[in-house]
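Undergrad: Sequence and predicted structure below; questions after.
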Number of protein chains: 2
Amino acid sequence: MALIVQKYGGTSVANVERIRAVAERVAKFKMLGHQVVVVLSAMSGETNRLIALAKEIQARPDPRELDMLVSTGEQVTISLLAMALKDLGLKAKSYTGGQVRILTDNAFTKARILSIDEGNMRRDLDSGHVVVVAGFQGVDADGNITTLGRGGSDTTGVALAAALKADECQIYTDVDGVYTTDPRIVPEARRLKTVTFEEMLEMASLGSKVLQIRAVEFAGKYHVKLRVLSSFQDEGDGTLITFEENDSMEQPVISGIAFNRDEAKITVVGVPDQPGVAYKILGPVADANIDVDMIVQNVGHENTTDFTFTVHRNDFNKTLDIVKAHAAAIGARTVTGDDKIAKVSIVGVGMRSHVGVARKMFEMLSKENINLQMISTSEIKISVVVEDKYMELAVRALHQGFELDKAGA
Amino acid sequence: MALIVQKYGGTSVANVERIRAVAERVAKFKMLGHQVVVVLSAMSGETNRLIALAKEIQARPDPRELDMLVSTGEQVTISLLAMALKDLGLKAKSYTGGQVRILTDNAFTKARILSIDEGNMRRDLDSGHVVVVAGFQGVDADGNITTLGRGGSDTTGVALAAALKADECQIYTDVDGVYTTDPRIVPEARRLKTVTFEEMLEMASLGSKVLQIRAVEFAGKYHVKLRVLSSFQDEGDGTLITFEENDSMEQPVISGIAFNRDEAKITVVGVPDQPGVAYKILGPVADANIDVDMIVQNVGHENTTDFTFTVHRNDFNKTLDIVKAHAAAIGARTVTGDDKIAKVSIVGVGMRSHVGVARKMFEMLSKENINLQMISTSEIKISVVVEDKYMELAVRALHQGFELDKAGA
């Protein structure tokens, strides 16, 4: 008998039929003798509907009231699932975040979990109940309803698994696991049986948005066994996220290929090669609440250097205006930009112990005549920026070159 | 400066525009220097939508989970109104029933209020906030969400007014007060400036469904000054519900005419005129959860008597079947029924001290050649059952005959 926390996202509870399907899956686990805690998101679209309603009333909705409002979305799904479970003859009980109680700070719309009282859940589990908990929400010390921010239901799932010392936290989603890359780009893409926590972090932030980064970090911190599975198919073990590197002999060098064509790059040409320049460039950008992703600065020559960074494509024009307005103050020669770019990254903990991975990557891209506009590396990731029309070609070439379709991970 | 509790029903918060209108009305009261607590229902139609959703999942939804589900309806409107009030520059804070805290018993879907903690509300009012409270809901001693049953928002309003010792509880609805009768039947019908608590009880139970009976009873018990007003028009003082009879010189004999064509009558003919017969007839009806309204039994003759009662028209066939099935056991000669009836009642505390009101009523109906099928009286009400096609005629004749269009109440 194991204690399993299962988290289902909005598409998995989008309507009555889907909710019934979740109940049937939970029933199977119960019949195998497991204790089950279920964490649910709101029906897909519901949170956006409520936020839109709030914005009709108040351009910038009051954060406390917004949390009061959107938290109803999960309250609807948990009560409906509890009914569906009872309809199957199971004992079930739903809990809002506040009822559990999931105590958070009072940072409305982006609260952090401080503690979880597992008493109610433990008592219900011991008496044979399925415990159904509203994801994404909690309560502050004053009893105000808070929410954890978008995707917070994953975090709730992992946090409950940590609090209950669950044997596994299963994240059910509309994909059946983590793939070597997007199967829509590379049909040979293969589901990974396991992926390390660090690889998952790099994959998630690079666009393979299967899991919320925060939830993965949380799982890492509390050593929660985390598994990604499909709620739309019954077979398959999904992908297990591990927190220890496997034996290096079996560890593939590269686990996956991530990509992102939502970015644009800005280059500040001919800035003085001296301290404080990066700060002067990025300060006004940060002030405008624009997130920056890659930052590359090469060695200078003749006392000047070039500084390049990428932002979300939607922020491109605004960022270009801001940087141009500050170009004179920075002492830059000129500012250029390009929003027809794509970022392609190879990710794998195995590359730590394998030299030459970068060279192999660059060679493959060179063979396809793809020019590299920017290069950036971390311990387990190498990212390049290319012209966006080459993105699919680059991903396919790397997927085949690193034999991701064959590897036995 | 007064402390006012305002309750708005579902049609008053049916959409963003209506919610804004409520906020503006509240703002006016705040500008006059009053402290305001607002109690809201769910958007009209929302509670029914949620119940229908629940029934798709479970034919008889689990009561605890149903309360968890439907309580989200008010949580949505309170947060939106708080936003609308803030958008007008007011301080505002919303509370669920549990947050207030409105403690109830654990009779899910029909809970009774046990106590109200006014601490949070008082503190917010004193710091200049408008307090917005979800109607219809509370929390039991174990922290489960409960609901008070249909129309429970009126009860919440009155209960909060009682707990806060408010100067007045204003019930905003889609009519602008209590009328002498339905203006759709009698165009000359007049709004009453005041109506006594007992008259209101009789009017409400007879079909003038302006206020929930339970809320009126509650107001009577705790001497809450209760006023019915329209949320769709700005002028008018509505109707004040009073709990002491006015000076009898000024008191009109009749305050209003109520009617109801949703009933059907069942007559058990020729039952033994002996103890236990009424019980034998109504026992099986009550067991089938059918509500009975009027019950009339006249003196017997030759050791038998006739027993007649009315039920909701929807229950007519079922009731007839039940009673017929038991007719032999009761020793009845036969069972007859009629669902083409209407009940017309005159209501007024004034009739206590005026003899001859009944005679006057019967005379008026006689002049119109309307036959009376059943007669039933209470201290402040006389009801007759007539063939349903005469209902409008009866109401108009009585309204004119008792000069309700002229009275100065």
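TA: The structure has been received and is ready for your questions. Numbering: from 1, shown residues only, chains lettered A, B, ... in the order given.
Undergrad: what about the closest residue to residue A:322 other than its chain neighbours, distance to chain B?
TA: Spatial nearest neighbour of residue A:322, excluding adjacent residues (Cβ to Cβ, 6 or more residues apart in numbering or on different chains): residue A:284 at 5.1 Å. C-betas here are computed from N, CA, C, even on glycine. Applying Cβ to the nearest Cβ, to the nearest Å, the value for residue A:284 to chain B is 31 Å.
Undergrad: Equivalent analysis for residue A:371, please.
TA: Counting by Cβ to the nearest Cβ, the gap from residue A:371 to chain B is 51 Å.
Undergrad: doesn't that residue fall inside a helix?
TA: No. With DSSP: H, G, I helix; E, B strand; the rest coil as the criterion, residue A:371 is assigned coil and is not in a helix.
Undergrad: dump the residue contacts of it.
TA: The contact partners of residue A:371, by Cβ atoms under 8 Å, 6 or more residues apart in numbering or on different chains, come to A:386, A:387.
Undergrad: So what does residue A:264 look like in phi/psi?
TA: Dihedral pair for residue A:264: phi -140, psi 150, per degrees, to the nearest 10.
Undergrad: Please name the bridge partners of it.
TA: For residue A:264, the beta-bridge partners are residue A:311 (DSSP bridges).
Undergrad: Report the mean confidence score over stretch A:142-158.
TA: Averaging pLDDT along stretch A:142-158 yields 90.
Undergrad: do the same with stretch A:62-80
TA: Mean per-residue pLDDT for stretch A:62-80: 98.
Undergrad: Does that stretch reach chain B?
TA: Yes. Stretch A:62-80 lies within reach of chain B by Cβ under 8 Å from any Cβ of the partner chain, at A:62, A:64-66, A:68-69, A:71-72, A:75-76, A:78-80.
Undergrad: Same question for that stretch: list its buried residues.
TA: A:62-80 (16 or more other Cβ atoms under 10 Å in any protein chain shown).
Undergrad: can you tell me which residues contact the residue of the stretch 201-350 of chain A found nearest chain B?
TA: Using Cβ to the nearest Cβ, the closest approach of the stretch 201-350 of chain A to chain B is made by residue A:231 at 17.3 Å. Contact partners of residue A:231, counting by Cβ under 8 Å, 6+ apart, are A:8, A:9, A:11, A:12, A:18, A:21, A:22, A:25, A:172, A:173, A:174.
Undergrad: doesn't residue B:16 make contact with residue A:56?
TA: Yes. With contact defined as Cβ atoms under 8 Å, residue A:56 counts as touching residue B:16 (4.7 Å).
Undergrad: min pLDDT across the contacts of residue A:231, which one?
TA: Within the contacts of residue A:231, residue A:174 has the lowest pLDDT, namely 78.
Undergrad: In three-state terms, label the closest residue to that residue other than its chain neighbours for me.
TA: Spatial nearest neighbour of residue A:174, excluding adjacent residues (Cβ to Cβ, 6+ apart): residue A:11 at 5.1 Å. Per three-state DSSP, the local secondary structure of residue A:11 is helix.
Undergrad: ok, so what distance separates residue A:11 from residue A:148?
TA: 19 Å (Cβ to Cβ, to the nearest Å).
Undergrad: of these two, who's got more company?
TA: Looking at residue A:11 and residue A:148 with other Cβ atoms under 10 Å in any protein chain shown, you find the greater number of neighbours at residue A:148, namely 28 against 17.
Undergrad: gap between the more buried one and residue A:230?
TA: Using Cβ to Cβ, residue A:148 is found at 24 Å from residue A:230.
Undergrad: Residue A:192 too?
TA: Distance of residue A:192 to residue A:230, computed by Cβ to Cβ: 14 Å.
Undergrad: Low-confidence stretches in chain A?
TA: Within chain A, the segments meeting pLDDT under 70 span A:150-151, A:204-210, A:244-252, A:353, A:355, A:407-409.
Undergrad: who in it is up against chain B?
TA: Contact residues, chain A versus chain B (Cβ under 8 Å from any Cβ): A:16, A:19-20, A:50, A:53-54, A:56-58, A:61-62, A:64-66, A:68-69, A:71-72, A:75-76, A:78-80, A:82-84, A:86-87, A:93-94, A:96, A:98-99, A:143-145.
Undergrad: List the contacts of residue A:80.
TA: Residues near residue A:80 by Cβ under 8 Å, 6+ apart: A:13, A:16, A:19, B:53, B:54, B:57, B:65, B:69.
Undergrad: do residue A:376 as well
TA: Residue A:376 sits in contact with A:294, A:295, A:296, A:382, A:383, A:384, where contact means Cβ under 8 Å, 6+ apart.
Undergrad: give me that answer again for 6 Å
TA: Residue A:376 is in contact with A:294, A:296, A:383, counting by Cβ atoms under 6 Å, 6 or more residues apart in numbering or on different chains.
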